[in-house]
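Engineer: Task: produce atomic coordinates for the following.
(one chain, ligands or ions: 1)
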Amino acid sequence: MIGHRRPTVLLVDDERSTLEILSIVLKSQGFETTQELDAGRASRLIEQAAARDRPFDAVVTDVFFDGRDEGAAVLAACRDTSPRSIVILMTGQPAVDGAVAAMKMGARDYLQKPVDPNMLATVLHRALKEQQIHREDVSFKDLVNILSDMVAHTIERVDPYTAGHGERTRSYCRQIAEQLGIDRQTIERLELAAIAHDYGKIYLEDLNFLTKKGPLTAQEYRAVQRHPEVGANKLGSNAHLVEACTYIAEHHERWDGTGYPRRLKGSAVSPAGRILCLVEVFDSLTSRRSYKAPWDLEKTIDFFESQSGRAFEPETLDVFLRLLEKNGPEWLNAPKKDLENAGIYPEKG
Ligand SMILES: [Fe+2]
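Structural biologist: Below is the predicted model:
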């Protein structure tokens, strides 16, 4: 429910039977639906609803109509007249290609055809919940849940090996920040940044870089290096996330100025940003990725000790190393446990 009304959904597909089935299930799950067989007429309905100041809460559209790619026009009508409407595409393409195409076109999500109506209802409920991020009275807990959902259904879906990375980063950041005596409000903002720090990766031109086995080319690496600022720009338009986005933008900078994208040096990076930089490296090194095995504790400690005053600020690093001494085995085992919980069983090696 949105206030006291049922969320409105425009369903667009050139097959009447598909529209009927989706509509029956969505209505039974609390949505109000409008069905449209023709993409051109759907665009006009979207414009008219916006003109009456009652835009559809969501538009679910097929991509190909009679073999013609008209879904893009429906999406464009939404972008132009009802930017807050959630657009879900129904595509026949395989999962990752579908995700790339949908996100590039500005859709919130995509579903592979034939679409399971219950899955669509779940996706819509989740997307509507994500919209609450814009509400003035949204709580810290709501923001945590919304951002976690957004990451789980974008980055973690494209690269399943990152399952739990945001949540672990959040936990370690909070523990270091508490030890450093950082105030509660800053810690909460840091936690939000930790959850969503890699969100900008979903806007890369080619998401295949994220799961590439072996090193990236120089050109691919330059593209990947844009993700801190892209993520910060995308999320930073939200008033609740402005400070968190500063830390997101900083999360690959280094104390000695060798990081990216701005090569910020020393205290030019905020104290919270410095914590996120360090923790992000730790969790990446000790997790399996498509291109590498996880590091063991000894190698990890040697590396971080060698980086005091170089990649990482000494005081933050000291606090981190003390926590690592206490929690090392548990923290190193956490990525494997999270993969298993996500139903992924990492190969040995
Ligand atoms: Fe990153």
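Engineer: quick one, what contacts the spatially most central residue of the chain?
Structural biologist: Centroid-nearest residue in the chain: residue 151, 3.0 Å away (criterion: Cα atoms, centre = their mean). Shown in contact with residue 151 (Cβ atoms under 8 Å, 6 or more residues apart in numbering): 166, 195, 196, 198, 199. C-beta: built from backbone N, CA, C; applies to glycine.
Engineer: What separation is there between the third one and residue 295?
Structural biologist: To residue 295, residue 196 is 25 Å away according to Cβ to Cβ, to the nearest Å.
Engineer: The last one now?
Structural biologist: Taking Cβ to Cβ as the criterion, residue 199 is separated from residue 295 by 25 Å.
Engineer: Of these two, which one has the most company?
Structural biologist: Higher neighbour count among residue 199 and residue 295: residue 199, with 24 against 17, using other Cβ atoms under 10 Å.
Engineer: So what does the residue lying closest to that one once chain neighbours are set aside have for phi and psi?
Structural biologist: The shortest distance from residue 199 to any non-neighbouring residue, by Cβ to Cβ, 6 or more residues apart in numbering, is to residue 231 (4.3 Å). Main-chain torsions, residue 231, degrees, to the nearest 10: phi -60, psi -40.
Engineer: Can you identify the element that follows the helix or strand of the chain with the lowest mean pLDDT toward the C-terminus?
Structural biologist: Lowest on mean pLDDT, DSSP states H and E among the helices and strands of the chain sits helix 95-104, with a mean of 62. For helix 95-104, the succeeding helix or strand toward the C-terminus, using DSSP states H and E, is strand 109-112.
Engineer: For that following strand, which residues meet the burial criterion?
Structural biologist: 109, 110, 111 (16 or more other Cβ atoms under 10 Å).
Engineer: possible to save those residues as TSV with distance to residue 137?
Structural biologist: Formatted as TSV, the buried residues of strand 109-112 follow (distance: Cβ to Cβ, whole Å):
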residue	distance to residue 137
109	25
110	31
111	31
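Engineer: Mind putting these into JSON lines with distance to residue 52 and pLDDT?
Structural biologist: Formatted as JSON lines, those follow (distance: Cβ to Cβ, whole Å; pLDDT from 0 to 100):
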{"residue": "109", "distance to residue 52": "26", "pLDDT": "80"}
{"residue": "110", "distance to residue 52": "28", "pLDDT": "82"}
{"residue": "111", "distance to residue 52": "28", "pLDDT": "85"}
